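[1] have a look at this prediction, sequence included:
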Amino acid sequence: MTVMNMTAKLHQAAKTAAGTGRPQERKGKGWAGLLAWLLLLWAFVFVFAPWLQHQSAWIRTLADYIDSSGIDAGAIYYTEVDEVGDADLMIRDTFRFYLDEQE
Amino acid sequence: MADNTEKKSDASEVITDKAEGKLSDLWKKEDYWAIWLGFVLLAVGMVIFLPRPPEKMHETIAAAEKTMQEQAAMAPFKTIEWHKANDAKAKIKGTDQSYAKKIKTFMTKAHGWKTNPSNAFIMSKEEAEAKNVAGMAKYEAALATEQELLTAAESAQVTAAAAGFQDPALNAAAKDAISDWRGAKRQASGAKKKISAKPYNQLPYLIGLGIVLALFFSIGMQFMSGSGMAFIKAFGFVFVIAVLAYVMESQATMKEYGIGYAAWAILIGLIISNTVGTPKWVMPAVQTEYYIKTGLVLLGAEILFGKILSIGIPGIFVAWVVTPIVLITTFIFGQKVLKMPSKTLNMTISADMSVCGVSAAIATAAACRAKKEELTLAIGLSLVFTSVMMIIMPMVIKATGMDHVLGGAWMGGTIDATGAVAAAGAFLSERALYVAATIKMIQNVLIGVIAFGVAVYWCAKYECEPGQRVSAMEIWYRFPKFVIGFMVASIFFSMMYGVMGESVGYAVLDHGVLRGFSRLFRGWFFCLAFVSIGLATNFRELKHHFAGGKPLILYACGQTLNLCLTLIMAYIMFFLVFPEITAGI
């Protein structure tokens, strides 16, 4: 079953759960939908995502680098990334002691 | 969106203020409660961190700067001693103090894990030891490489010094060798973290934090609607999903892709609401705007305007000239060419694509009162493009042999999320990291101006009938008041940073009150907001907003323009106008 087909079926299950029908039946389909989604998430995290990393040497190398360096690649703002603080200090001191001195 | 003539059916989905003001608004409206709660947290952070600066802070900074001064006078490039002094200065942080570490332990979301999710909360002594043993070989190899490259760098520097630092070829060779050593040092430092695992049990802290946050937000809920108790009862459900989102973010492979808590919080919430349904008793704690606005007031304090000069004029042009041009052009393109059905969706996507992804999307969506589904779409697009660009851009830069200063500026100006920018930059080289991260940081600061500008523009232009002139008082009544708190926090902390000076500000404000306290709360607040969005959103509503794939086309076209303009501007600034800056970095 392709991922697209599976997603379409999950949507259908969710639609049915929200639609009309006997409450008991709706409840059952809702839980089935939840279970199916959890299965899909598990497959994404533990099967598809690692598999994709092994399809490209470049992606694998980058992933290994992120893992070993400990950089938080999912951070959304500069205050969440230690490396940005270090970079800021380094660049400021570069300007202060080298570039501004030349002016 | 927030038009006063808007139908009632939309009213529950957007942030609405009636065009009138009352004194009771101060304790009856969530905009004001966001300000009060945000300010209380910032005040507590200042009380904790400002009177307790790191020990011997001034002496260490003075000694480090003296060494850097001497080294700069001696050699035309940053010597090994200069870097070591800079490292010593960087270690002076409020966040490294024992009280700050206790706060961090209490606020920690979830620990990293690979296959066993329970490691997100608990790790036994045996497991910690096994983890340390497993990482030892890698650490020893990284340490040996660092030592080897340090020896090579020392040798190159001695050779350059023997020529009185007058030989450009020898100077360049020494600079390159030092750069290689710095890269290896970063890797060794990362590997060291892998052998420093200690046993932990995060569950009691998480329960405590959940109770603290429930009580904290319930005060406002009680004043606003008298539903403080209902909120407390419901909050546990929302908090547990927020914890789950952080657990998913902490999974090793997801970390490598940069898939953060925002995506997981929305997705888990969506799955629950669209399968078994969000329980009715949970709804009192599904308070998207309340959490977002409080988080944004805290985010305001992190917008330090003094940072925009970090990399001089080139940084201003790449981050503060190109970005607004791309934002406005994309918005006009969306309105005139794509004919986007929703102006707020258009603005939210334009801002998150051109400025800095999720954080810009949150700030802009709140400022223009976008619907929660629109914010979800904008964030989803940003996360997908960020992951792809984080992989492809370093590849292109390496394949084309592009200079890493230019490549760093290009990535910093275009990849949405800051974490992904740092990862892609560091992967290339130290130079690429410094430039990419600094450009991104300057762009981050821009969201203060963008959010304020969008809020004013929306009140004055879009929330009125065609041809209607809006008085200043009317604009004030309609203005989303939490933006005032956001701006006040930003201006206040920017002034404090300026008064303290860069070095002290870095140690006690940036790496104290902000990174050590307010941003920890802000992260949780945004996560709770994303969970709330998911729990209150229907797949069908999302599908409706994605009609015709216009949001995707808008993002792709805007990002293409962004990529072209940023590259051209970075080239002009770093190679034609200021080549000496490029050479000096």
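    Great, that's in hand. Residues are numbered from 1 along each chain as shown, chains lettered A, B, ... in the order given.
[2] number of nearby residues for the residue of the stretch 401-550 of chain B found nearest chain A?
    Here the stretch 401-550 of chain B gets closest to chain A at one residue, B:Gly419, 3.2 Å apart by Cβ to the nearest Cβ. C-beta here means a position set from N, CA and C on the backbone, and glycine is covered the same way. Using other Cβ atoms under 10 Å in any protein chain shown, B:Gly419 is surrounded by 28 other residues.
[3] any low-confidence regions in chain A?
    A:1-21, A:101-103 (pLDDT under 70).
[4] ok, which stretches of it are helices?
    Counting by DSSP state H, chain A has helices at residues A:3-18, A:23-43, A:49-53, A:57-69, A:82-94, A:100-102.
[5] ranges for the strands of chain B?
    Using DSSP state E, the strands of chain B run over B:122-123, B:200-201.
[6] point out the most buried one among those strands.
    By mean neighbour count, with neighbours taken as mean count of other Cβ atoms under 10 Å in any protein chain shown, strand B:122-123 ranks first of the strands of chain B at a mean of 18.
[7] what about that one, average pLDDT?
    Averaging pLDDT along strand B:122-123 gives 96.
[8] in its sheet, what does it sit against?
    With DSSP bridges as the test, strand B:122-123 is paired with strand B:200-201 (antiparallel).
[9] neighbouring contacts of the strand it pairs with?
    By Cβ atoms under 8 Å, 6 or more residues apart in numbering or on different chains, the residues outside strand B:200-201 that reach it are B:His111, B:Phe121, B:Ile122, B:Met123.
[10] with stretch B:398-406 instead?
    The set of residues external to stretch B:398-406 that reach it, using Cβ under 8 Å, 6+ apart, is B:396-397, B:410, B:428-429, B:431-432, B:435, B:567, B:570-571, B:574-575, B:582, B:585.
[11] can you give me the end-to-end distance of it?
    Length of stretch B:398-406, first residue to last, Cα to Cα, to the nearest Å: 12 Å.
[12] and if you look at stretch B:280-293?
    Start-to-end span of stretch B:280-293 (Cα to Cα) is 24 Å.
[13] buried stuff in the longest helix seen in chain B?
    As assigned by DSSP H, the longest helix anywhere in chain B is helix B:125-162. Buried positions in helix B:125-162, judged by neighbour count with 16 or more other Cβ atoms under 10 Å in any protein chain shown: B:127-128, B:131, B:135, B:138-139, B:142-143, B:145-146, B:149-150, B:152-154, B:156-157, B:160.
[14] and the angle for it with helix A:57-69?
    Interaxial angle of helix B:125-162 relative to helix A:57-69 (axes from the mean of the first three to the mean of the last three Cα atoms, to 10 degrees): 100 degrees.
[15] so what's the gap between helix B:125-162 and the chain middle?
    Put simply, helix B:125-162 sits 30 Å off its chain's centre (Cα atoms, centre = their mean, to the nearest Å).
[16] what is the burial count for B:Lys56?
    B:Lys56 sits with 11 neighbouring residues when counted by other Cβ under 10 Å.
[17] tell me how far it lies from chain A.
    For B:Lys56, the distance to chain A equals 18 Å [Cβ to the nearest Cβ, to the nearest Å].
[18] picking up where we left off before, nearest to B:Ala184, of the contacts of strand B:200-201?
    Lowest distance from B:Ala184 to the contacts of strand B:200-201 (Cβ to Cβ) belongs to B:His111, with 26.9 Å.
[19] correct me if wrong: B:Ala184 contacts B:Leu143.
    No - using Cβ atoms under 8 Å as the test, B:Ala184 is too far from B:Leu143 to be in contact (9.1 Å).
[20] follow-up on the earlier one: out of the strands of chain B, which is closest to B:Thr537?
    Proximity to B:Thr537, assessed across the strands of chain B by Cβ to Cβ, is greatest for strand B:122-123 (32.6 Å).
[21] what about the closest one, distance to the chain center?
    In terms of Cα atoms, centre = their mean, the centre of strand B:122-123 is set 28 Å apart from its chain centre.
[22] and if you look at stretch B:51-64?
    Its chain's C-alpha centre and that of stretch B:51-64 lie 27 Å apart, by Cα atoms, centre = their mean.
[23] check stretch B:29-47 too.
    Relative to its chain's centre, stretch B:29-47 lies at 20 Å (Cα atoms, centre = their mean).
[24] who's in contact with it?
    Outside stretch B:29-47, the residues within contact range by Cβ under 8 Å, 6+ apart are B:15, B:17, B:25-27, B:216-217, B:219-220, B:223-224, B:287, B:289-290, B:293-294, B:296-298, B:300-301, B:480-482, B:484-485, B:489, B:493, B:512-514, B:516-518, B:521.
[25] repeat the analysis, applying 6 Å as the threshold.
    The contact list for stretch B:29-47 (Cβ atoms under 6 Å, 6 or more residues apart in numbering or on different chains) reads B:26, B:220, B:289-290, B:293-294, B:297-298, B:301, B:481-482, B:485, B:513, B:517-518, B:521.
[26] how about stretch A:44-58?
    For stretch A:44-58, contacts defined as Cβ under 6 Å, 6+ apart pick out A:Ile59, A:Arg60, A:Ala63, B:Thr253, B:Met395.
[27] which two from those end up farthest apart in space?
    Greatest spacing in these, by Cβ to Cβ: B:Thr253 and B:Met395 (19.6 Å).
[28] those two: who's more crowded?
    Shown here are B:Thr253 and B:Met395; by other Cβ under 10 Å, B:Thr253 has more neighbours (19 against 16).
[29] name the nearest residue to the more buried one, sequence neighbours excluded.
    Excluding the flanking residues, the one nearest B:Thr253 by Cβ to Cβ, 6 or more residues apart in numbering or on different chains is A:Ala49, at 4.8 Å.
[30] how near is the nearest residue to B:Leu215 once chain neighbours are set aside to chain A?
    Leaving out its chain neighbours, the residue that sits closest to B:Leu215 by Cβ to Cβ, 6+ apart is B:Ile232, at 7.2 Å. Going from B:Ile232 to chain A by Cβ to the nearest Cβ gives 26 Å.
[31] tell me the pLDDT at B:Ile232?
    97.
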